[in-house]
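# got a predicted structure here, sequence first:
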Amino acid sequence: MFRILCGSIGVTRQHDEWITFGEEFLLTGLAGLTLVFGGAASGKSRFGEDLVLNTGLSPVYLATAQAHDAEMEVKIAKHKSARAAAQWRTVEVPTDIPAALTQLHKSEAVLIDCATLWLANLGMAKRDWRAEWAALARAIAACSAPVVIISNELGMGVVPDHPLSRAFRQDQGELNQAIAAAADLVVMVAAGLPLVLKGQLPKGQG
């Protein structure tokens, strides 16, 4: 059953930046694995970043994006600049996320952004995403740092007219289900607002 977070929580926008406020976002910690998913421009990445930053742990950003065109180069550069200002440690891992997780310490919290690009990268490399997810799930279970995974919801729009696109949408849906099944906390974000589908957000301070 969906639980809508409301009350003292709010989201506003100022100078092109999303700002969250309210006691629920002053987090004391996270469970081992959190999935935050939603549609394009839903606010899911910002919400995931807030979860990690508000733990008080050192934030680590595992970036799966690759710059295949000029537009993506600009987008990646913008994100890198924003993360540097927030003191994120960024590690670029298009495919081999498990190896990166072995380098983390319990004093850190990690954001993987995002599972969708990771899936696409695996496809381009002709690698079996199910086997790769099994390896990633084992690495997350062994990781001493809390892990937040960002992913896209692709199943709410029109049916793609191309077989490859339909196959990718199917794989993305199955991957989301696999992550959600393993996760302690699952949050869907729509229009910047979080819906907790599984588990509970950490208790607020004060």
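On my side now, so go ahead. What you see is a predicted model, and the numbers here were worked out from it, not measured in a lab. Residues are numbered from 1 along each chain as shown.

# quick one, what contacts the spatially closest residue to Trp129 that is not a sequence neighbour?
Nearest residue to Trp129, sequence neighbours excluded (Cβ to Cβ, 6 or more residues apart in numbering): Leu122, at 4.9 Å. Just so you know, the C-beta spots here come from the backbone N, C-alpha and C atoms, and that holds for glycine as well. Listed by Cβ atoms under 8 Å, 6 or more residues apart in numbering, the contact partners of Leu122 are Thr95, Asp128, Trp129, Glu132.

# any idea how far Leu136 is from Leu122?
According to Cβ to Cβ, to the nearest Å, Leu122 and Leu136 sit 10 Å apart.

# same question, Val158
The gap separating Val158 from Leu136 is 30 Å, by Cβ to Cβ.

# list only buried entries from the contacts of Leu122.
Those of the contacts of Leu122 that meet the buried threshold are Thr95, Trp129, Glu132, by 16 or more other Cβ atoms under 10 Å.

# with distance to Ala190, secondary structure and pLDDT as extra columns, can I get those residues in CSV?
CSV is the format used below for those (distance: Cβ to Cβ, whole Å; DSSP: H, G, I helix; E, B strand; the rest coil; pLDDT from 0 to 100):
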residue, distance to Ala190, secondary structure, pLDDT
Thr95, 29, coil, 97
Trp129, 26, helix, 97
Glu132, 28, helix, 98
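
# where does the residue most central in space within the chain fall, phi/psi-wise?
Geometric centre of the chain, nearest residue: Ile150, 1.7 Å, by Cα atoms, centre = their mean. Main-chain torsions, Ile150, degrees, to the nearest 10: phi -100, psi 140.

# tell me which other helices or strands the helix ranked longest in the chain touches.
Assignment by DSSP state H gives helix 163-182 as the longest helix of the chain. Helices and strands touching helix 163-182, as assessed by 3 or more Cβ pairs under 8 Å, 6 or more residues apart in numbering; DSSP states H and E, comprise strand 33-38, helix 115-124, helix 129-142, strand 147-152.

# from the chain's centre, how far out does it sit?
15 Å (Cα atoms, centre = their mean, to the nearest Å).

# just the mean pLDDT for it, thanks.
Averaged over helix 163-182, pLDDT sits at 96.

# ok, so what distance separates Cys143 from Val189?
For Cys143 relative to Val189 (Cβ to Cβ), the value is 23 Å.

# can you redo the helices and strands packed on helix 163-182 as JSON lines with distance to Ser58?
Below are the helices and strands packed on helix 163-182 laid out as JSON lines (distance: least, Cβ to Cβ, whole Å):
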{"stretch": "strand 33-38", "distance to Ser58": "17"}
{"stretch": "helix 115-124", "distance to Ser58": "22"}
{"stretch": "helix 129-142", "distance to Ser58": "18"}
{"stretch": "strand 147-152", "distance to Ser58": "14"}
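
# got the phi/psi numbers for the closest residue to Trp118 other than its chain neighbours?
Closest residue to Trp118 apart from its sequence neighbours, by Cβ to Cβ, 6+ apart: Thr64 at 4.4 Å. The phi and psi values for Thr64, taken as degrees, to the nearest 10, are phi -100, psi -10.

# likewise for Leu111?
Dihedral angles of Leu111 (phi, psi; degrees, to the nearest 10) stand at phi -120, psi 130.
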